[in-house]
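A.B. asks: the sequence and its predicted three-dimensional model are supplied below.
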Amino acid sequence: MADVIYKRCYFDWGGRCAYCGFILQRQKTLGKTKGSIDHFIPLSKGGRNARCNRVLACYPCNLAKNDTDPRETNQWPHVEQRLAEIAASPIISHRQLKRLLPELTRQLGG
Ligand SMILES: [Zn+2]
């Protein structure tokens, strides 16, 4: 997974697991959990590998969700709503991202 994709996903989701709200680490740090990217609609079910389908998730939530298709189970409406907001929001520049990510980390107490 390209690091910049993770960073953008991390920023879009405010550094928290989309499913349980757990605060995730921006970078791999000893003893701290780095998150993972989950595809809300699984790639195996035709979901796109695109920003509008990428969700920041902790590993336990990612594992638990696995190949669940939210279109079939109607789970996580709040995640679906947030993804729509993200899809409608502009992509910030790399420079902005570099400036904003440390701010976000500070806000999260990292
Ligand atoms: Zn989680």
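C.D. replies: Arrived safely. Numbering: from 1, shown residues only.
A.B. asks: just give me the neighbour total for Glu72.
C.D. replies: Using other C-beta atoms under 10 Å, Glu72 has 8 neighbouring residues. Quick note: C-beta positions are derived from backbone N, CA and C, even for glycine.
A.B. asks: make sure it is indeed in a strand.
C.D. replies: No - read with DSSP: H, G, I helix; E, B strand; the rest coil, Glu72 is helix and lies in no strand.
A.B. asks: against Phe11, how distant is Ile91?
C.D. replies: 10 Å (C-beta to C-beta, to the nearest Å).
A.B. asks: in stretch 13-32, which residues are buried?
C.D. replies: Trp13, Gly15, Arg16, Cys17, Ala18, Tyr19, Phe22, Ile23, Leu24, Gln25, Arg26 (16 or more other C-beta atoms under 10 Å).
A.B. asks: ok, so of the residues you listed, who is nearest the ion?
C.D. replies: Checking the buried residues of stretch 13-32 against the ion by C-beta to the ion gives Cys17 as the nearest, at 3.2 Å.
A.B. asks: what's that closest one sitting at in phi/psi?
C.D. replies: phi -60, psi 130 (degrees, to the nearest 10).
A.B. asks: for it, what are its contacts?
C.D. replies: When contacts are counted by C-beta atoms under 8 Å, 6 or more residues apart in numbering, Cys17 touches Leu24, Gly35, Leu56, Ala57, Cys58, Cys61.
A.B. asks: quick check: closest non-adjacent residue to it.
C.D. replies: Closest residue to Cys17 apart from its sequence neighbours, by C-beta to C-beta, 6 or more residues apart in numbering: Cys58 at 4.1 Å.
A.B. asks: show the contacting residues for that neighbour.
C.D. replies: Going by C-beta under 8 Å, 6+ apart, Cys58 touches Cys17, Tyr19, Cys20, Phe22, Leu24, Thr33, Gly35, Ser36.
A.B. asks: one more time with 7 Å, if that's ok
C.D. replies: Cys17, Cys20, Phe22, Leu24, Thr33, Gly35 (C-beta atoms under 7 Å, 6 or more residues apart in numbering).
A.B. asks: one step back: can you narrow the contacts of Cys17 down to the ones near the ion?
C.D. replies: Cys58, Cys61 (C-beta under 5 Å from the ion).
A.B. asks: lovely, talk soon.
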